[in-house]
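*Asks:* the following comprises the amino acid sequence and a computationally predicted model.
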Amino acid sequence: MKKSLLIFLLGLPFLGYSQSFQVNLQGQKQIAMGGAGTGAALDEASVFFNPGAVSFLKQNGVQAGVSPIFLKTSFRETGSNITEHNKDKIATPVMGYAVFGSPASRLRFGLGIYTPFGGALHWEENWTGKYTVTSLDLRAIFIQPTLSYKITDHIGVGAGLVYSLGHVDLRRAVPLTLNNGETGTAKLEGTSKDFGWNAGIYVETISGVSIGVTHRSQVNAAIKNGDATFNVPDALISSFPTKFNATLPLPATSTIGFGIYPSEKTTLLFDVNWVHWSKYKNLSFDYDNNSRIADTRSPRNYHDAAALRLGVQNQATTKLVLRAGIGYAFTPVGKGYVTPEVPDADRLLLSAGVGYKASENFSVDLSFLYENVKTRSETNIETNLSGAFKTLAYIPGIALTYKW
Amino acid sequence: MKPKFIYNSIFVVALAAMASCKPEFKDVTPSKGTADFTRYIAVGNSLTSGFADGGLYLEGQQNSFPEMIATQMKTVGGGAFYSSFFNTSQANGSGYLRIKSFSASGLPVTENVTDNLAVRGQIAVPGFGNVTLYTKFSGDLNNYGVPGIKLANITYAPYGNLNGYFERLLPGASPTNTTTYLSFITAKPWTFFSMWLGNNDILGYATSGGAGDVPTDKAVFTSLYNTAATELTKTGARGVVATIPDVLGTPYFNTVTLATLLAAVKVSAPTVTALYIQTGTGTVRAATAQDYFVLTLGSANVIGVPNSGGFPYGLHPGNPIESKYVLDQAEALVVNDYVNAYNTTIKSVAAAKGLAVMDAYALLREYGAGKVVNGANVSAAYITGNLFSLDGIHLTPMGYAIVANAFIKAINTQYGSSIPIVDITKYRGVKFP
């Protein structure tokens, strides 16, 4: 059963979006509260948000959810009167968690499957920036078995081992003209398997405020022997590579979160994320044949960036919970480094959601997240692509939970 | 089931709302500034006509920079624009070069396209030579680009009999024409013009290795440029002029070099260290890196072929590389001197008349040196550089698009207009087999 669930989740074509290529869609309750959730023992998604809080969960349970992303990006080249839009392609990152063990015991077990990094941006094949990128599908699915231990009645620690399954499919046009007048294309596709970890401390203070501190380690998505498929003139094909290696750092994230409980029915959550993006210096591709194209080393020079998340939930009735949240994510991308595969900028997040407890065991949570990425106009220092990007994302989501 | 139904309904409504919300940018306000683009005419030579790959053919005409500019001008009040397109049944026009294959050493082997031509005959003009005649064009016309025309030809009455591309546009057949180019283009009122003339006044000298043509006298050039500019602005029309590109920066002069020739020779004759050339003045000497070889030497297959005296071509002072294949150091200096003088004239006339200047010399040097355009590498490299077409002199559609944007920027700067740029990446480079 569990195995088939795993296969089901991994088989879905996922792709996601949030600060740069970090995706913050890990639990429907948390999404509905602006993405906050580190400072509270909210639900099974604590496996991701704070392994230390898992041992504080009052019940065991499994949940599975999905958050289809409706991503709308527009580009207008400097000096042009034409606005170009990305293709309507829905990405569907999934998340699933399970918490086991006796709720009475100090030691609890968890398993999480989620997608903390990804991206799916598809431009028209003949768009202005086609020589930089026509489409990027990127995902890193993390599988995280977790131990959580309640040291005292007020302090819990937890840690999980992360096994990351990465997949990248990057396509762009090649500035060589085929005999039919069309441009050549390149497709770089590969997978990676890497390890990392996720650890956290959870403290319920005497004042009633709960505090969580977590660190999710960097994971390097190292692609070895990926397939480089070039559609270029026959006369040149033998001088093009067929394999490539590349490494994409998936940066570490440190978080401190607070849970405040103004009344029995109301919870306030506040998280501050610090994402260690400065590890992402270059996007490099190492090809197996350099007779026509050299290995590329595209500067990214990201800097560390914070995200602030504030959420509230209210137990409206015994069966219904209402949630809302707001967040702001600072871009890690410096001036001159914005690229069309991830046209990042500072972004505002607004969210809302409801939870409905259908029975003692079964509940459903819905969320809706709206992301407004600021308009950003500049010239990329590597490609000279000059213009303005504007992105909006609409992300509804649903999760089903079974508790026992 | 009832709550689920409500949730489902909300979900469906939300999806429908999201599907239509694409982010937009603030509208650009179109403005023609102080110019009037109601009837734009393009005055010039092959570069204005869309000539590429050693010929004038329909695809090149459709991708000429005046066609691109005129399309963009329509957003700021520009009128209809017509070029002398070849019929689709004669789309290959004069014929043109294409790559047939690559030699074992990786050099392109070109061939001529000879089907679907628009050639209607040939006439021998006494004292001049044979002139190829093309199917006549008699519609409305805005693009007056005539391949081969020099500034020196624009007031010469019999010119319509000597240039088949010009003859094609005139009502009369060679050798009966007496209309000058300047009076032909100014016969119908215009409000805006581009003028890119003067290239051929030095190009013929350069491409023939200094052996086949004489540069137009500098004073004559200045006088005629003033005549043309005065005529084109006499009714109050505004315009843009362009400088002459760096002739020696084209692939025509940088693909076959002393180094590539020596490397090829050394494959079979490792002891050869020098090539001998005949200069424009008749002296025979060893070639240096300061001498330019023309592109056509690469496919002439003459190097090493012995003459009657038994001396191998180019490898012995007794059988030097002919002057027509070499623009020697002294001749190269002549070319640069004339180009600089012509460009000084063009800029000063433009300044005096208040015309916009598209500095093609600076532009093609900048891109020729290698520049990344929206992620695509562009350079003056032969075939792979995306800028120059197979003849090594004229541009690819992508090259013409780069030129079109430079014209648009020059016009917008001079006249305060807001003509939108073209998307360079929509245009191709050299076609590969």
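*Replies:* Right, received. Where do you want to start?

*Asks:* any idea how far residue B:384 is from chain A?
*Replies:* Per Cβ to the nearest Cβ, to the nearest Å, residue B:384 is found 7 Å from chain A. C-betas here are computed from N, CA, C, even on glycine.

*Asks:* any weak-confidence spans in the stretch 151-300 of chain B?
*Replies:* Residue ranges of the stretch 151-300 of chain B with pLDDT under 70: none are present.

*Asks:* now the strands for it?
*Replies:* Secondary structure of the stretch 151-300 of chain B, counting by DSSP state E, counting those that start in this stretch: strands at B:192-196, B:238-242, B:276-278, B:284-286, B:292-293.

*Asks:* would you reformat these as TSV and include distance to residue A:235 and mean neighbour count?
*Replies:* Listed next are these as TSV, based on distance: least, Cβ to Cβ, whole Å; neighbours: other Cβ atoms under 10 Å in any protein chain shown:
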stretch	distance to residue A:235	mean neighbour count
strand B:192-196	34	26
strand B:238-242	34	26
strand B:276-278	32	22
strand B:284-286	35	14
strand B:292-293	24	26
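
*Asks:* nearest to residue A:142, of those strands?
*Replies:* With Cβ to Cβ as the measure, strand B:238-242 is the member of those nearest residue A:142 (58.0 Å).

*Asks:* still on that earlier bit, and the strands of the stretch 151-300 of chain B: which comes nearest chain A?
*Replies:* Closest to chain A of these is strand B:238-242 (Cβ to the nearest Cβ; 16.3 Å).

*Asks:* other residues contacting the closest one?
*Replies:* B:34-36, B:191-196, B:229, B:232-233, B:346, B:349-350, B:354-360, B:407, B:410-411, B:414-415 (Cβ atoms under 8 Å, 6 or more residues apart in numbering or on different chains).

*Asks:* enumerate every residue touching residue A:283.
*Replies:* Residue A:283 makes contact with A:246, A:248, A:296, A:297, A:298, A:300, according to Cβ under 8 Å, 6+ apart.

*Asks:* restricted to strands, list those.
*Replies:* Applying DSSP state E to these, the entries found in strands are A:246, A:248, A:296, A:297, A:298.

*Asks:* could you turn the buried ones of these into a ChimeraX selection?
*Replies:* Entered in ChimeraX, the line below selects the buried ones among the ones in strands among the contacts of residue A:283, by 16 or more other Cβ atoms under 10 Å in any protein chain shown:
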select /A:246,248
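
*Asks:* closest to residue A:267 among the ones in strands among the contacts of residue A:283?
*Replies:* Nearest to residue A:267 out of the ones in strands among the contacts of residue A:283 is residue A:248 (Cβ to Cβ; 36.1 Å).

*Asks:* the closest one contacts residue A:220, doesn't it?
*Replies:* Yes. If you go by Cβ atoms under 8 Å, residue A:248 and residue A:220 touch, sitting 7.4 Å apart.

*Asks:* just so I know, which of the strands of the stretch 151-300 of chain B lies nearest residue B:103?
*Replies:* Closest among those, using Cβ to Cβ: strand B:292-293, at 17.6 Å.

*Asks:* what lines up beside that closest one in the sheet?
*Replies:* strand B:326-327 (antiparallel) (DSSP bridges).

*Asks:* check which element follows the strand it pairs with along the chain.
*Replies:* Next along the chain after strand B:326-327, taking DSSP states H and E as the criterion, comes helix B:329-353.

*Asks:* what's the average pLDDT for that next one?
*Replies:* The average pLDDT for helix B:329-353 rounds to 97.

*Asks:* strand B:192-196 and that helix, what's the angle between them?
*Replies:* 160 degrees (axes from the mean of the first three to the mean of the last three Cα atoms, to 10 degrees).

*Asks:* buried stuff in helix B:329-353?
*Replies:* Quick answer for helix B:329-353 (16+ other Cβ under 10 Å): B:331-332, B:334-335, B:338-339, B:341-343, B:345-347, B:349-350.

*Asks:* of those, which ones also sit close to chain A?
*Replies:* Among the buried residues of helix B:329-353, not one lies near chain A by Cβ under 8 Å from any Cβ of the partner chain.

*Asks:* now for the residues you listed: which two are most distant?
*Replies:* Across those, no pair lies farther apart than B:331 and B:350, at 28.6 Å, counting by Cβ to Cβ.

*Asks:* how many neighbouring residues does residue 291 have?
*Replies:* In the absence of a named chain, this looks at chain A. Counted with other Cβ atoms under 10 Å in any protein chain shown, the neighbours of residue A:291 add up to 11.

*Asks:* you looked at the wrong chain, it should be chain B
*Replies:* Counted with other Cβ under 10 Å, residue B:291 comes out at 22.

*Asks:* ditto for residue A:72
*Replies:* With neighbours defined by other Cβ under 10 Å, the count for residue A:72 comes to 19.

*Asks:* I'd guessed it sits against residue B:22; true?
*Replies:* Yes. With contact defined as Cβ under 8 Å, residue A:72 reaches residue B:22; the gap is 4.9 Å.

*Asks:* which residue does the stretch 151-300 of chain A have closest to chain B?
*Replies:* For the stretch 151-300 of chain A, Cβ to the nearest Cβ, closest residue to chain B: residue A:233, 3.2 Å.
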